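K.L.:
When you get a sec, could you give me coordinates for this:
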Amino acid sequence: ACLAHARRVCELIAAEWRRAGFDSAPDQLPNDLEGAMRLLVRLRERALDEAAQARIRKDLEPNVTVLADFFRQ
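P.N.:
So this is what the prediction gives:
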């Protein structure tokens, strides 16, 4: 569940970068978590605006709740 969540974070961020017009954001993420994380490190200097960050948080909220409940057990 944690790895799936991390992958979803990467997918959302890459999609928002593309939406913002960052040409270096790929259409598809690498198939492995390490590759996805390398992509995020490479593009980290490209800050997303507040609206993009809010969309990401809204998408991730249900999964964050599930993960938090799992770790409270």
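K.L.:
Next, the buried residues of stretch 1-17.
P.N.:
7, 9, 10, 12, 13, 14, 15, 16, 17 (16 or more other Cβ atoms under 10 Å). Any C-beta I mention is one placed from the backbone N, CA and C, and that applies to glycine too.
K.L.:
Is the spatially most central residue of the chain within a helix or a strand, and which one?
P.N.:
The centre of the chain sits closest to residue 9, judged by Cα atoms, centre = their mean, with a distance of 2.2 Å. Using DSSP states H and E, residue 9 falls within helix 2-19.
K.L.:
re earlier: and of the buried residues of stretch 1-17, the nearest to residue 36?
P.N.:
Using Cβ to Cβ, residue 10 comes nearest to residue 36 of the buried residues of stretch 1-17, at 4.0 Å.
K.L.:
Now do that closest one against residue 73, distance only.
P.N.:
26 Å (Cβ to Cβ, to the nearest Å).
K.L.:
Please apply the same query to residue 52.
P.N.:
With distances taken as Cβ to Cβ, residue 52 is found 33 Å from residue 73.
K.L.:
Between these two, which is the more surrounded one?
P.N.:
Using other Cβ atoms under 10 Å as the criterion, residue 52 and residue 73 rank with residue 52 on top: 17 against 4.
K.L.:
returning to that earlier point: which member of the buried residues of stretch 1-17 is positioned nearest residue 63?
P.N.:
Of these, the one sitting nearest to residue 63 (Cβ to Cβ) turns out to be residue 9, at 9.3 Å.
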